[in-house]
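sequence below, structure please.
(chains A and B)
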Amino acid sequence: MYGNYDSGTAGAQSAPQAQQAPQDQDQYQDADAQQRFDQLIAADQRIEPRDWMPDAYRKTLIRQIAQHAHSEIIGMQPEGNWITRAPSLRRKAILIAKVQDEAGHGLYLYSAAETLGIDREELLDRLHDGRQKYSSIFNYPTLNWADVGAIGWLVDGAAIMNQVPLCRCSYGPYARAMVRICKEESFHQRQGFDILHTLSHGTKSQKAMAQDAVNRYWWPSLMMFGPPDEESSHSAQSTAWGIKRFSNDELRQRFVDMTVPQAEVLGLTLPDSDLRWNAERGHYDFGVIDWDEFARVIRGDGPCNAERLRRRRQAHDDGAWVREAAQAYAEKRRPVEAKAS
Amino acid sequence: MNQPNDPGKRGWPLWEVFIRARRGLSHQHVGSLHAPDAAMALRNARDVYTRRGEGVSIWVVPSAAIVANSPDEKDSFFDPAQDKVYRHPTFYDVPEGAKQL
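Presented below is the predicted three-dimensional model:
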């Protein structure tokens, strides 16, 4: 079921031991396997866990899926920040469900990453010691309730734009995880829109609060699509491998085109004086993104980088006794269950 | 490398999750998760994979218990089925006028 081409791994993936090639045939087999891999990619077929794949393909996927998984669980923090202060029981229940979804998305993605032969604990270590990143958007603070709306509408909206093409990604387990995630994200985006719509049709100060949140989250949301195409280092190879289907700038443009009319329905403005319809292009033109800010936040100098990681490590450490207790209970029960069956 | 159910590993064993979406359908593989034992695996599977009523029945199976054919022998393994087109009804010419055949 899971596993990879590397020999010597235990569990389900190595069950057909008898089929392992002798050492001296490895090179011949690799060329053969590479050709099969290339054919599958060319035919737009999916690569599955036990298929041979180039090391660089495996590494790229581990990096991308792990970063994605980390983003989901770090993303629980800015929203979780408002659970105890949600304005009504209904909104509180909805926000709890949403934050729980983010945890679930993290779990789907860690599972997908593990099919590439990496251990979940290792992935968490890499997050905790900063070797792997998460989406820089979560290094911005949620200062008021409207920010929860702005995250749902803009951040989840941008995430959906990025993620829908990943449902057709060439790596099967990642694509399948994305199908589940995209279904659930639609609820997230609508709940964010609903929060902002209610605020913008409320009192003057409620509307101002909604506008303020949109003002702060608009530009960081546009940065979520990554650097401009000419500076995107991994894009060409990822596109050739069928991991990436559209360029950063293409997706960013689609997001702007989708969001401008929605902002009009909300009765809110987007903080960009250069934003206007370009009839010739058939798209909205928009202003210049502050890529220095993007680089700064990725480097670790965003408003909340240290706080997010500190909180993550603390949650992991605080949960250690629960994991140990569950493990001890399982070990204690094992002889009893073995006897009963 | 990933070694499910290896006692030397830091984490909990890996389980594969299968869900029956509705009565009348078979269980389908939906993903995997880690859990210390079968009871926890079932509860975790409910929370991770059926938050929106996606199932009426869940199976969890230790990943290490699954035996699979090797992808490297894919062609030869499935070879016996490749040259027997007469197993498909479309192989046969049906004369005009033969009904309900």
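
the host helix or strand of residue B:59 pairs with which strands?
Assigned by DSSP states H and E, residue B:59 belongs to strand B:57-62. Sheet pairing of strand B:57-62 (DSSP bridges) gives strand B:14-20 (antiparallel).

for the partner strand, what is the distance to the chain centroid?
Centroid separation for strand B:14-20 versus its chain: 9 Å, with Cα atoms, centre = their mean, to the nearest Å.

helix or strand right after it?
Next element after strand B:14-20 (DSSP H and E): strand B:28-34.

direction included, what does that next one pair against?
So strand B:28-34, judged by DSSP bridges, has these partners: strand B:14-20 (antiparallel).

now the helices for chain A?
A:26-42, A:55-74, A:76-80, A:89-114, A:120-128, A:145-150, A:156-163, A:172-200, A:204-223, A:235-240, A:248-266, A:291-296, A:305-318, A:320-340 (DSSP state H).

ignore the last one, chain B
Going by DSSP H, chain B shows helices at B:38-49, B:74-77.

mean neighbour count added to these, as a markdown table?
C-beta: built from backbone N, CA, C; applies to glycine. Listed next are the helices of chain B as a markdown table, based on neighbours: other Cβ atoms under 10 Å in any protein chain shown:
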| stretch | mean neighbour count |
| --- | --- |
| helix B:38-49 | 18 |
| helix B:74-77 | 11 |
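
now those in a markdown table, with distance to chain A?
Shown next, in a markdown table, are those (distance: least, Cβ to the nearest Cβ, whole Å):
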| stretch | distance to chain A |
| --- | --- |
| helix B:38-49 | 5 |
| helix B:74-77 | 9 |
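
kindly reformat those as TSV containing distance to residue A:340.
Below are the helices of chain B laid out as TSV (distance: least, Cβ to Cβ, whole Å):
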stretch	distance to residue A:340
helix B:38-49	12
helix B:74-77	38
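
ok, of the ones you listed, where does mean pLDDT dip lowest?
Out of the helices of chain B, helix B:74-77 stands lowest, with a mean of 74 (criterion: mean pLDDT).

what is the burial count for residue A:123?
By the criterion of other Cβ atoms under 10 Å in any protein chain shown, residue A:123 has 22 neighbours.

just the helices of chain A: most buried one?
Most buried of the helices of chain A by mean neighbour count (mean count of other Cβ atoms under 10 Å in any protein chain shown) is helix A:145-150; its value is a mean of 26.

give the contact list for residue B:47.
residue A:104 (Cβ atoms under 8 Å, 6 or more residues apart in numbering or on different chains).

sorry, slip of the keys, the one I care about is residue A:284.
By Cβ under 8 Å, 6+ apart, the contact set of residue A:284 is A:253, A:256, A:257, A:260, A:275, A:276, A:277, A:278.

and what of residue A:173?
A:48, A:49, A:111, A:112, A:115.

among these, which are within reach of chain B?
Among those, the residues lying close to chain B (Cβ under 8 Å from any Cβ of the partner chain) are A:48, A:111, A:112, A:115.

what's residue B:19 in contact with, if anything?
B:27, B:28, B:30, B:45, B:49, B:50, B:54, B:55, B:57, B:58, B:59.

excluding its backbone neighbours, what's nearest the spatially most central residue of chain B?
Central residue of chain B (Cα atoms, centre = their mean): residue B:29, 4.6 Å from the mean position. Spatial nearest neighbour of residue B:29, excluding adjacent residues (Cβ to Cβ, 6 or more residues apart in numbering or on different chains): residue B:18 at 5.5 Å.
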